[in-house]
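*Asks:* Next comes the sequence, and after it the predicted model I'd like to discuss.
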Amino acid sequence: MDIIKTEHLTKNFKDLTAVDNISFTVQKGEIFGFLGPNGAGKTTTIKMLTTLLHPTNGTAEIAGHDIINKRDDVRKSIGVVFQEPALDTELTGVENLDFHARMYGISKKRRGERINEVFELVDLTDKKDVLVKNYSGGMKRRLEIARGLMHFPKVLFLDEPTLGLDAQTRQAIWKYIKKMNREEKTTIFLTTHYMDEADNLCNRIGIIDHGKILVMDSIRNLKQSIGNDVITLSSTDNQKLLTELKQKDWVKKTETYDDHLTLGVQQGDEKIPIIIERAQKLDIKIKSISVRQPTLDDVFISYTGRTMRDEETKNITVPPRFKRGR
């Protein structure tokens, strides 16, 4: 059953088309990842789905409610955790959640019960009476997730939920996201710049760039689309070897990076001896060669032609990847 359904959703800002005629669905109960470089259209899409922006064309439904004609019903059906903190740091954790629950008209008795439930869900029960200004960054994000769940939303939008957090805290939040998806039966719509996060959490992902959906599928299927294995090698004549290997039908994708050559293949372990033998016949010496399974990073650059652009990774050397169509 589809809990989110978009049809030809479009948003123009003067001469800029931020979201360009996209149509997709999200299934009830799944964790769905929405990935794309900065400026790809992710945030604009979320703002339309959460009724913060009016589409230029097209529409969408959340839990059966039209985002244009049933805005109040949509807002009752969703929770949102934005990138920017939205907690009152001069209040305690309990006071933040109680205020949010009052805004949704939850009765006093049910508020108390629900506050205890969500605090337990995100493992903050012993911190509920502490002022939020004394929370760590990870605790604040967990509290925001708890607040987003207070009114029993059918869909929870998480926009970069672990941005800027350390690896240990990120993994802890992954655990809570999986837990609330499992125990609360909440559908999760997730945006993230971290490929490992999407790989760890999501049932399916969609990749958007320049306002258009490039691909949407399960992570397993997307990885298989570029080859079951990735071979990375360096030789005395990469270009000559590449020309030879491109003719093989078992080579699905190729890419050169600095002094390395990468190949997307099936059954990589079996192909390494074949590559070495072929290189020897061409009088080419293999300097190094390795095989690994494809990652979501490989998938992303295969479809977008570049790595995820964000402040934390733009100065990091990019490992060998694939570009689609080569």
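*Replies:* Perfect, I can see it now.
*Asks:* only C-alpha atoms for contact and neighbour calcs from this point on.
*Replies:* Noted.
*Asks:* Give me the domain ranges for this structure.
*Replies:* 2-222, 226-304 (automatic domain parsing).
*Asks:* for the longest one, how far is the first residue from the last?
*Replies:* Right, the one you point to is domain 2-222. 21 Å (CA to CA, to the nearest Å).
*Asks:* now stretch 233-247
*Replies:* Start-to-end, stretch 233-247 (CA to CA) is 17 Å.
*Asks:* next one: stretch 117-131
*Replies:* End-to-end distance (CA to CA), stretch 117-131: 19 Å.
*Asks:* Enumerate the positions of it that are buried.
*Replies:* Judged by neighbour count using 16 or more other CA atoms under 10 Å, the buried positions of stretch 117-131 are E117, V118, F119, L121, V122, D123, L124, T125, K127, K128, L131.
*Asks:* sec struct for T25, please.
*Replies:* strand (DSSP: H, G, I helix; E, B strand; the rest coil).
*Asks:* check contacts around the residue lying closest to it once chain neighbours are set aside.
*Replies:* Spatially, and ignoring its direct neighbours in sequence, T25 is nearest to K5 (4.5 Å; CA to CA, 6 or more residues apart in numbering). Residues near K5 by CA atoms under 8 Å, 6 or more residues apart in numbering: S23, F24, T25, V26, A60, E61, I62.
*Asks:* at 7 Å instead, please
*Replies:* Contacts here follow CA atoms under 7 Å, 6 or more residues apart in numbering; on that basis K5 touches F24, T25, V26, A60, E61, I62.
*Asks:* what's the most distant pair in those residues?
*Replies:* F24 and I62 (12.1 Å; CA to CA).
*Asks:* So between these two, which is more surrounded?
*Replies:* I62 (24 against 15; other CA atoms under 10 Å).
*Asks:* For that one, name its beta-bridge partners.
*Replies:* I4, H65 (DSSP bridges).
*Asks:* With mean pLDDT as added columns, please give the domains of the chain in a markdown table.
*Replies:* Shown next, in a markdown table, are the domains of the chain (pLDDT from 0 to 100):
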| stretch | mean pLDDT |
| --- | --- |
| domain 2-222 | 93 |
| domain 226-304 | 89 |
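*Asks:* before we move on, the earlier item: need the buried residues of stretch 117-131 in CSV (columns: distance to K271).
*Replies:* Converted to CSV, the buried residues of stretch 117-131 look like this (distance: CA to CA, whole Å):
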residue, distance to K271
E117, 53
V118, 51
F119, 52
L121, 48
V122, 47
D123, 48
L124, 51
T125, 54
K127, 55
K128, 57
L131, 59
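*Asks:* Among those, which ones are in helices?
*Replies:* E117, V118, F119, L121 (DSSP state H).
*Asks:* and which of these is nearest P273?
*Replies:* L121 (51.4 Å).
*Asks:* List the contacts of that closest one.
*Replies:* Y176, M180.
*Asks:* Equivalent analysis for G211, please.
*Replies:* Contacts of G211 (CA under 7 Å, 6+ apart): T17, A18, V19, D20, A40, G41.
*Asks:* Let's see if you can find the most crowded of those.
*Replies:* V19 (28 neighbours).
*Asks:* Now name the helix or strand holding L214.
*Replies:* strand 212-218 (DSSP states H and E).
*Asks:* mind listing what that strand pairs with, with the direction of each?
*Replies:* Strand 212-218 has these strand partners (DSSP bridges): strand 204-209 (antiparallel).
*Asks:* what does the strand it pairs with rub up against?
*Replies:* Taking CA under 7 Å, 6+ apart as the rule, strand 204-209 contacts 32-37, 40-41, 213-219, 304.
*Asks:* next one: stretch 47-56
*Replies:* L9, T10, K11, N12, A60, I67, R71, R75.
*Asks:* How about stretch 151-165?
*Replies:* Taking CA under 7 Å, 6+ apart as the rule, stretch 151-165 contacts 76-83, 101, 104, 138, 141, 170, 186-192.
*Asks:* could you flag which of the residues you listed are buried?
*Replies:* Using 16+ other CA under 10 Å, the buried ones in the contacts of stretch 151-165 are 77-82, 101, 138, 141, 170, 186-192.
*Asks:* Packing partners of the lengthiest helix in the chain?
*Replies:* Assignment by DSSP H gives helix 167-183 as the longest helix of the chain. Here helix 167-183 touches no other helix or strand, going by 3 or more CA pairs under 7 Å, 6 or more residues apart in numbering; DSSP states H and E.
*Asks:* I'd like the distance from that helix to the chain centre, please.
*Replies:* 14 Å (CA atoms, centre = their mean, to the nearest Å).
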